[in-house]
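1. model the structure of this input:
(one chain, ligands or ions: 1)
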Amino acid sequence: MTSGGGIQIPSRLPLLLTHEGVLLPGSTVRFSVDSARNMHLVSQRLLKGTSLKSTIIGVIPNTRDPEHDTDDLPTLHNIGTAGIAVQVVGSNWPKPHYTLLITGLCRFRVSSLLKERPFVLAEVEQLDKLEQYTTSATEGVTADDGELGELSQKFYQAAVQLLGMLDMSVPVVAKFRRLLDSLPRETLPDVVASMIRTSNKEKLQVLDALSLEERFKKALPMLTRQIEGLKLLQKTRKTSPDNEKRVLSVRKGGVFPGRQFNLDEEDEDDDGDDTAVLERKVHGANMPEAALRVCLKELKRLKKMPQSMPEYALTRNYLDLMVELPWSKNTKDCLDIQAARTLLDNDHYAMDKLKRRVLEYLAVRQLKTSLKGPILCFVGPPGVGKTSVGRSIARTLGREFHRIALGGVCDQSDIRGHRRTYVGSMPGRIINGLKTVGVNNPVFLLDEVDKLGKSLQGDPAAALLEVLDPEQNHSFTDHYLNVAFDLSQVLFIATANTTTTIPPALLDRMEVLQVPGYTQEEKVEIAHRHLIPNQLEQHGLTPQQLHIPQDTTQDIISRYTREAGVRSLERKIGAICRAVAVKVAEGHRVIKTETLILEGPAEQEDKAAPPEMPIVIDHIALKDILGPPLFEMEVSERFTLPGVALGLAWTPLGGEIMFVEASRMEGEGQLTLTGQLGDVMKESAHLAISWLRANAKTYQLTNMVGAPDPLEGTDIHLHFPAGAVTKDGPSAGVTIVTCLASLFSGRLVRSDVAMTGEITLRGLVLPVGGIKDKVLAAYRAGVKCVILPKRNEKDLEELPANIRADLDFVTARNLDEVLNAAFDGGFQGTASTHAPPQLTSKL
Ligand code: ADP
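-> Now for the predicted structure:
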């Protein structure tokens, strides 16, 4: 066929040289453009042109446009498809490229090349007719046309058969159906070949088939193969890989006579006898008596309702949910403590105490085979593996896992559902979760129970209590369902960052397991045992392609993250993987090109990774990828003036170091406090000042005019910099005293010391909480010595041995001991021999 009447494409076409896809007339394909010639074509022709004609370009498949402009033009395939560029999208990342959306119009042959640079321009000969089609598939080529007619008839029927097997709700299938009925038959081979699963090589065969007859002959086997494949799939009823499933998903009772493909029960509802099917399902759902009664009643109402009534949809949705709920579907527990131990150990490094307790819990459950008992609640900073342990518990039990995020939930209908009185009503999260997992004995992880809110819409904590209470939860009533559902087989686990904001009634039901933050060494181990392998896998990389040495991991931990858990560490490793993935992909491209030169265009396989593998991430590469370090060791730099001390604070996010700064100026004995302080903190500050005034003589502290009362003629300003979080709690007492002692004495506090402890007016040091997290924070910040209350000595046992060995600990009974440890060479005074201080506070 040569160009006859109809629309003519320009006789000179700029050519887009592609190697990724084959454009056939009538289909639309996305091309990624990044080689020099193609980039020029886009920027100088497509983006500059103003006429419709300038958007028509020729697409030549199966060419490798050399990366470098200097190279000669490779031999070009001489048949191509003229197409209209319907969309051009430019991007600069990861490197400059365009994405073109091109709709194919007709075949052409390259007669001669007119120029090769900046892009290829060719004289072309149009091969297909291009006209405004008026005939449809049922006409055009007819059976009278001999062999061709027969072929086209066969082809049409096969296409119709395929269509009957596909799910019409998938957009591409719907489009296929529309096209099939409206297009002339001679266009079908091109259109169908581009829509069904074919390789580029096969598409190329269709493109090269210039006579219509040959084109039908080439495309028909592809179509038949697709149909056979689909039949097989339906027979085995196996789930195919996702993308295949999408296009091929089998529809039950489709438009086609092919009733034998009627496999998927759920789609049956668009057959006429809708309610009969539903009724069967209601009886088949194995629900308790009461629920069944409600369903049958609703069903009866449904049958009387016209479908157009809004209430119809409402009732219908309700019934659909009722039949879907796992009233009596469950998984069988397979608990083997030995296996559970191995699994927990394999999935999680460190956290021994937690793992031990979890195993005990599981063992008791196995012996008692009942779930009554406390609900485990993992409490700790973000990213320490709380969710992940929950997931492992589900796996060891062989149960389904579902996470219910409670953060910010402040309406009890979130838990318990909305009454079915208005159109938008929905079941609550518990029932929804059950529907999602499809069994009635999953592990539900109630995430962030400490972040439950309260509002006018009722207290979600109260609803949650009902869910968790073994005395009540066998008949949990969701407002939407309005019949009881038995939750007693569900295993609930909760997580929280802190226990202080968990409603007390809820806390009472739970057994709290603290999950503290990790040390640097633990993080390195976790990274190398778990995070790096996981991230490699997620990014499709192998250890042969990317290597992160331990030094680098340490660098990431100390200079790019400051956290108790490992979540940002995981994210940073992910960022490295992405950066390397780009490199690896580029490497593959080079190899691919080389292979093609050697073996000709037929094979398009990636043969091997580029030679410079593995890519090792050293400090320089790290800086390239993650940018300049986010955190520098700043501790020692700040101790350049008297009046600075380093405290340790505990927050729900883990331990933190906290600087306390003080300055003084002439005034009338005013104390100013800044830095978002809570009341307890303010009291600590007053206590500290009172104690110092009382002991000013002992320590030879003087005020600005040389008199012994530090406040006389002097104003003091105390500031707690860094962070917009409210700081509260009594544990900063010793730090404030030390800071003020430094200010009044004009001496510098040791820059490698951090401290924590509550004080009394008489100078005793009282124990505080969160010692492990605080010490870890001090260690992260490079501190050498930690001062803590004597009575916290026992908490040191929880620390890993290497940290105990690396840090000096001073356990202090009173402030005198604190000051002696905080200053080089001790703090002058009569040490512990002095008399109890006189109480002379004016504050
Ligand atoms: P949380 O629920 O405490 O906020 P996650 O369970 O989401 O934390 O953990 C964040 C990531 O860190 C997960 O990928 C988890 O697998 C990993 N992780 C945390 N702790 C450990 C550990 N001890 N061993 C292995 N991986 C861990």
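
2. switch to C-alpha atoms for all contacts and neighbour counts from now on
-> OK.

3. show the pLDDT at the closest residue to the ligand within the stretch 651-800 of the chain.
-> Here the stretch 651-800 of the chain gets closest to the ligand at one residue, L653, 9.9 Å apart by Cα to the nearest ligand atom. L653 carries a pLDDT value of 74.

4. residue contacts, the closest residue in space to it that isn't next to it in sequence?
-> Nearest residue to L653 in three dimensions, chain neighbours excluded: P381, at 4.3 Å (Cα to Cα, 6 or more residues apart in numbering). Residues in contact with P381 (Cα atoms under 8 Å, 6 or more residues apart in numbering) are N497, T498, V515, P516, G517, A564, G565, P652, L653, G654.

5. show me how far the helix or strand where E150 lies is from its chain's centre.
-> Per DSSP states H and E, E150 falls inside helix 146-165. Centroid separation for helix 146-165 versus its chain: 46 Å, with Cα atoms, centre = their mean, to the nearest Å.

6. list the buried residues of that helix.
-> 148-149, 151-153, 155-156, 158-165 (16 or more other Cα atoms under 10 Å).

7. equivalent analysis for stretch 430-441, please.
-> Across stretch 430-441, burial judged by 16+ other Cα under 10 Å covers I430, I431, N432, G433, L434, K435, V437, G438, V439, N440, N441.

8. look up how far V86 lies from the last one.
-> What it means is N441. N441 is 52 Å from V86, where distance means Cα to Cα, to the nearest Å.

9. and if you look at D795?
-> Applying Cα to Cα, the value for D795 to V86 is 69 Å.

10. what of S328?
-> For S328, the distance to V86 equals 54 Å [Cα to Cα].

11. show me which of those two is the more surrounded one.
-> With neighbours defined as other Cα atoms under 10 Å, S328 and V86 compare such that S328 has more, 15 against 12.

12. residues touching the residue positioned nearest the centre of the chain, list them.
-> Nearest to the mean C-alpha position of the chain, counting by Cα atoms, centre = their mean, stands R571 at 9.8 Å. Shown in contact with R571 (Cα under 8 Å, 6+ apart): no residues.

13. assign it to helix, strand or coil.
-> Following DSSP: H, G, I helix; E, B strand; the rest coil, the label given to R571 is helix.

14. residues near K523, how many?
-> K523: 23 neighbours (other Cα under 10 Å).

15. and it, which of the three is it?
-> helix.

16. give me the pLDDT value at it.
-> Confidence at K523, expressed as pLDDT, is 90.

17. which residues sit in contact with the spatially closest residue to it that is not a sequence neighbour?
-> The shortest distance from K523 to any non-neighbouring residue, by Cα to Cα, 6+ apart, is to V566 (6.8 Å). Residues in contact with V566 (Cα under 8 Å, 6+ apart) are G383, V384, Y518, K523.

18. any idea how far V566 is from C577?
-> Remark: distance between V566 and C577 (Cα to Cα) = 16 Å.

19. now swap in D469 and tell me
-> According to Cα to Cα, D469 and C577 sit 45 Å apart.

20. the two - which one has more neighbours?
-> Remark: of D469 and C577, C577 carries more neighbours, 25 against 19, as counted by other Cα under 10 Å.
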